[in-house]
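Asker: coords please:
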Amino acid sequence: MNRAGLIFHHFGLAVRQPADAIAWLTALGYRIGETVFDPGQNVHLILCECDQQPAVEIIYPGNGPGPVDAMVRRHASGIIYHAGYETRNLAATLAHLESAGLRAICVASPQPAPLFGGRPVSFYQVAGMGLIEILE
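Answerer: Sure, this is the predicted structure:
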């Protein structure tokens, strides 16, 4: 764990459809998890894990508007668009980032995440880094 109290958890990969990403990750030796629908975000999610490599969360659109729609229109073959981290204390993590001079702008406040057993997740835009997801 680092001074911010963050532990790397996964990369978020946005795709139009999951088949090609699943084929790629399977070829690399990943275990492909079950598909989970997140109605709050209107996305389908699949957590893929490998003992020797970082976890990858495949995210693809549900029916109707959702947060990855524009991204998958612009990047037809998919794009890694967030890094996911875990923390034991979100308030302390955010305070540390601020004290270090890092702006972490909340773009989605903590909500229960179906993919992670209902644990709260939130999203922040961080200057110099991009979008991060924090799993409590």
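Asker: pLDDT below threshold where in the chain?
Answerer: Low-confidence regions of the chain, defined here as pLDDT under 70, cover residues 1.
Asker: Which parts of it are helices?
Answerer: In the chain, the helices defined using DSSP state H lie at 19-27, 69-74, 90-99.
Asker: Using JSON lines, lay out the ones you listed together with mean neighbour count and distance to residue 128.
Answerer: Every residue, glycine included, has its C-beta placed from N, CA and C. Converted to JSON lines, the helices of the chain look like this (neighbours: other C-beta atoms under 10 Å; distance: least, C-beta to C-beta, whole Å):
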{"stretch": "helix 19-27", "mean neighbour count": "14", "distance to residue 128": "27"}
{"stretch": "helix 69-74", "mean neighbour count": "14", "distance to residue 128": "20"}
{"stretch": "helix 90-99", "mean neighbour count": "15", "distance to residue 128": "11"}
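Asker: Make JSON lines out of these and add distance to residue 61.
Answerer: Shown next, in JSON lines, are these (distance: least, C-beta to C-beta, whole Å):
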{"stretch": "helix 19-27", "distance to residue 61": "13"}
{"stretch": "helix 69-74", "distance to residue 61": "6"}
{"stretch": "helix 90-99", "distance to residue 61": "27"}
